[in-house]
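Asker: for reference, the sequence and a predicted model appear below.
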Amino acid sequence: MENKKELRSWLNDLNLDHPLVIAGPCSAETEEQVLKIAHELKNTDVNYYRAGIWKPRTRPGNFEGVGALGLKWLQKVKAETGLKTATEVANRAHVELALEHDIDLLWIGARSTVSPFIVQEIADALNGTDKIVLVKNPVNPDLALWLGAVERLATADIKNLGVIHRGFSSYEKTKYRNTPEWQMAIELQTKFPDLPLINDPSHITGNRDMIFDVSQTALDLNFDGLMIETHFDPDNAWSDAAQQVTPASLIQIMKDLKIRKESTPEADYNDQLQNLRAQIDVMDNQLLDTLGKRMKVAEGIGSLKKQKNVAVLQSKRWNEILGKMVLEGEQYNLSEEFILKLFKAIHQESINHQEKILNK
């Protein structure tokens, strides 16, 4: 993407003294509900009022949104509270209706981001618009697919762009609804530092009790803002009830969150930081050396298995290793989730090395 600094201009133009906040209900249910929540969020840190008008559902038969009628409710929100408005679009018709009703911010959902055809259709419909357009990460952890969607929009002369990190689906059960895979967001941020990055803790957690912790992690990682689903009666929401917070809870979360400085010129801090980072560098090199030696041993095992015509994968042995490592990891305050990811990656690399030996 060229002229990346232009992508941040819309965020800079807001002149905020706090992270960007996009909040509102998962779904617009009734006009009364939409307006009640909006009035409770008026005069808070909320910059954009979000509400799902069209709700793509995994299975048919669930509530799929009120449709275009909800756009008129969002117009009333802007007129009565002054809050700017935001909603998700998934096709050309959605875009045209949203623009007709002067919605300020549009986002492309995770299910849409996975399809270049859908993204291109939306890009064509938005060509040249000055509206803010945010792209949620695709359902699967594919950085190229995520960036490809942004590039299609940039090619359509849409300059006010940004991305939303909402986590990634996983076949493994974790404490998250969608695993954060923070490293992927960090990699995107490293490659495109001028692309505004918003965190969606609601969809990452699926649990309102975890919203604060994930939001704080995002701010610690220099995210530009948060999108948090908010409802005055979350337990009775028509969609995603478990992950929505009340306006009062959102206001408290905003008060409790700590905004970290990117750095400080203090000499003592920088000296200590440099020392600690030097220690990390030494340990990282030691880790690589140990992993290299481990793979040499794995190749020896591969050679032995080849001689005796034995299968590479030994499930019983592998399960024993995993169980042992999870228990030992607890002694070092390492989470089970981390240990499983780490050793599965190591195990896969070991299998790759052994297969090379067997296939020679």
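Answerer: Thanks, I have it.
Asker: so the residue nearest the centre of the chain bridges to which residues?
Answerer: What sits nearest the mean C-alpha location of the chain, by Cα atoms, centre = their mean, is His165, with 2.0 Å. In this entry, His165 is beta-bridged to Asn199, by DSSP bridges.
Asker: from Pro141, how far out is it?
Answerer: Counting by Cβ to Cβ, to the nearest Å, the gap from His165 to Pro141 is 11 Å. Every C-beta, even on glycine, is put in place using the N, C-alpha and C of the backbone.
Asker: and for the two, which residues touch both?
Answerer: Listed contacts common to His165 and Pro141 are nil; contacts here mean Cβ atoms under 8 Å, 6 or more residues apart in numbering.
Asker: neighbours of the spatially closest residue to Gln120 that is not a sequence neighbour, how many?
Answerer: Sequence neighbours aside, Arg152 is the residue nearest to Gln120 in space, at 5.6 Å (criterion: Cβ to Cβ, 6 or more residues apart in numbering). Look at Arg152: counted by other Cβ atoms under 10 Å, it has 19 neighbours.
Asker: got it, and the one 10 residues further on?
Answerer: The number of residues packed near Gly162 is 22, by other Cβ under 10 Å.
Asker: ok, now which ones touch it?
Answerer: Each residue near Gly162 by Cβ under 8 Å, 6+ apart is listed here: 7, 10-11, 132-135, 195-198, 224.
Asker: mind giving me the packing neighbours of whichever strand or helix holds Met227?
Answerer: Element membership of Met227, judged by DSSP states H and E, is strand 225-229. The helices and strands touching strand 225-229, judged by 3 or more Cβ pairs under 8 Å, 6 or more residues apart in numbering; DSSP states H and E, are strand 20-24, strand 197-199, helix 201-205, helix 211-220.
Asker: relative orientation of it and strand 20-24 in degrees?
Answerer: Calculated by axes from the mean of the first three to the mean of the last three Cα atoms, to 10 degrees, strand 225-229 forms an angle of 10 degrees with strand 20-24.
Asker: each with direction, which strands does strand 225-229 pair with?
Answerer: Strand 225-229 has these strand partners (DSSP bridges): strand 20-24 (parallel), strand 197-199 (parallel).
Asker: out of the ones you listed, nearest to Trp73?
Answerer: Proximity to Trp73 (Cβ to Cβ) singles out strand 20-24 among the strands paired with strand 225-229, at 10.9 Å.
Asker: list the buried residues in the following helix or strand past the closest one.
Answerer: Note on strand 20-24: by DSSP H and E, the next helix or strand toward the C-terminus is helix 31-41. Within helix 31-41, the residues scored as buried using 16 or more other Cβ atoms under 10 Å are 33-38, 40-41.
Asker: centre of the chain versus the strand holding Met227, how much separation?
Answerer: Put simply, strand 225-229 sits 11 Å off its chain's centre (Cα atoms, centre = their mean, to the nearest Å).
Asker: what's next to that strand, contact-wise?
Answerer: Residues contacting strand 225-229 (Cβ under 8 Å, 6+ apart): 19-26, 47, 50, 164, 196, 198-202, 211, 215, 218-219, 240, 243-245, 250, 253.
Asker: can you give me the mean pLDDT across it?
Answerer: If you average the pLDDT over strand 225-229, you get 98.
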